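S.K.: Below: sequence and its predicted model.
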Amino acid sequence: MKTTVRTDADPAASQDLIAWYDRHARDLPWRVGPKARRAGVTADPYAVWLSEIMLQQTTVKAVGPYFARFLKTWPTLADLAAAEEEAVLRAWAGLGYYSRARNLKKCAEVLVAEHGGKFPESAALLEKLPGIGAYTSAAIAAIAFDEQIPVVDGNVERVIARLHAIETPLPAAKKEIRSLVEDMTPKERPGDFAQAMMDLGATICSPKRPACALCPLNGPCVSTKGGYPETYPRKAAKREKPTRYGAAFAVFRADGAILMRKRPDKGLLAGMTEIPTGVWLENDDALTDLTPAPVKGTWKREPGLVRHTFTHFHLQLAVYTTRSNAKAPDGTWWSEPDEQEEEALPTVMRKVLVAANGE
């Protein structure tokens, strides 16, 4: 049987959490802190949206420089809508999950063309925009527009699972957790409450060794009373990811230029730049298959393998190099040495470039 905190304790717990947030809120570049909020400063929906999209599957530390660079390059929604998609992908390179960058650009275009350059103020309308799902729409609506709506990310799931000692494993527990967050979300300052929950999970109610003695929800927390908070949230057993294999072909010109091409507009890493590769297969024979090589030449296999993990599989690439001064084949181009850092190369291709350069 599931053990839960009494419903009548939730309002008090919410206020305790907001009081803790007023003292300990993280100073983040996209956030309007409690002191500024009390002074009447409101959150910028553009900054909230941009940060929330970037933070999906990515850490706060990693996002900081990207967020600053995006705002410097495209300080307004209209600027981003008018940008070239290739430029957006280049600026995004390294953050991963590149469909987010393409949807970011599409969403900006839709907002400018159909909404007068302004964000809708409700989660229901926000969720209709490209790249904005249930979580992101709720986060923007709560933080930027103070809509009283539950905002649930991974940190919040952990806090609530521990607070109520929820035995149902994730992801099956998501609906129950959302309902409990909805019960706790206050009418006043729902955006600050949402950010307080996120901060609590990120700084106090951490996955390992949570600092329960410092937690503002320590009193009503069922798992803490039982002495086993680290065992929550319960998680269903994960399927083992398959491994795929392939070969990457780095063609260098005498002046240091390297042959590159654009990936298809649909599918994994769509629209990104790559060093030519063969098809990625679950058969390791693909490591030694030279038939997809983009040019004829004497190919040297570089030591080791490039390893990278995507959401659904692991990847291992053998890297081959050769030299050629031939005209770039159709669909490819020579990337000059001083241009290579600016190419929209995903992380796995940057690893390939490093290996090809013998580093």
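M.R.: Alright, I've got the coordinates.

S.K.: Could you check how far residue 36 is from residue 55?
M.R.: According to C-beta to C-beta, to the nearest Å, residue 36 and residue 55 sit 20 Å apart. C-beta: built from backbone N, CA, C; applies to glycine.

S.K.: Of these two, give the one with the bigger neighbour count.
M.R.: Each of residue 36 and residue 55 has its neighbours counted (other C-beta atoms under 10 Å); residue 55 has more, 20 against 12.

S.K.: Give me the pLDDT value at that one.
M.R.: We have a pLDDT of 94 for residue 55.

S.K.: Quick check: it vs residue 220, distance?
M.R.: Distance from residue 55 to residue 220, by C-beta to C-beta: 28 Å.

S.K.: How about residue 128?
M.R.: As judged by C-beta to C-beta, residue 128 and residue 220 stand 37 Å apart.

S.K.: before we move on, what about residue 266?
M.R.: Applying C-beta to C-beta to residue 266 and residue 220 gives a distance of 48 Å.

S.K.: between the two, which one's more packed in?
M.R.: Neighbours per residue, other C-beta under 10 Å: of residue 266 and residue 220, the larger number sits with residue 220, 17 against 8.

S.K.: Residue 109 contacts residue 83, doesn't it?
M.R.: No - if you go by C-beta atoms under 8 Å, residue 109 and residue 83 don't touch, sitting 9.6 Å apart.

S.K.: Distance from the chain centre to stretch 113-123, please.
M.R.: Distance of stretch 113-123 from its chain centroid, counting by C-alpha atoms, centre = their mean, to the nearest Å, is 23 Å.

S.K.: List the buried residues of that stretch.
M.R.: 119-120, 123 (16 or more other C-beta atoms under 10 Å).

S.K.: Which stretches in the protein count as helices?
M.R.: 10-24, 34-38, 45-55, 60-73, 77-82, 85-92, 99-114, 123-126, 134-145, 154-163, 174-184, 190-203, 222-226, 347-356 (DSSP state H).

S.K.: Tell me which of these approaches residue 278 most closely.
M.R.: Closest approach to residue 278 among these is made by helix 347-356 (12.5 Å; C-beta to C-beta).

S.K.: average model confidence for the closest one?
M.R.: 94.

S.K.: Show me what that helix is packed up against.
M.R.: If you count contacts as 3 or more C-beta pairs under 8 Å, 6 or more residues apart in numbering; DSSP states H and E, helix 347-356 packs onto strand 243-252, strand 306-309, strand 314-323.

S.K.: just to revisit the earlier point, quick one: which of the buried residues of stretch 113-123 is nearest to residue 233?
M.R.: Nearest to residue 233 among the buried residues of stretch 113-123, with distances taken as C-beta to C-beta, is residue 123, at 23.8 Å.

S.K.: thought that closest one was touching residue 136?
M.R.: No - between residue 123 and residue 136 there is no contact under C-beta under 8 Å: 9.1 Å.
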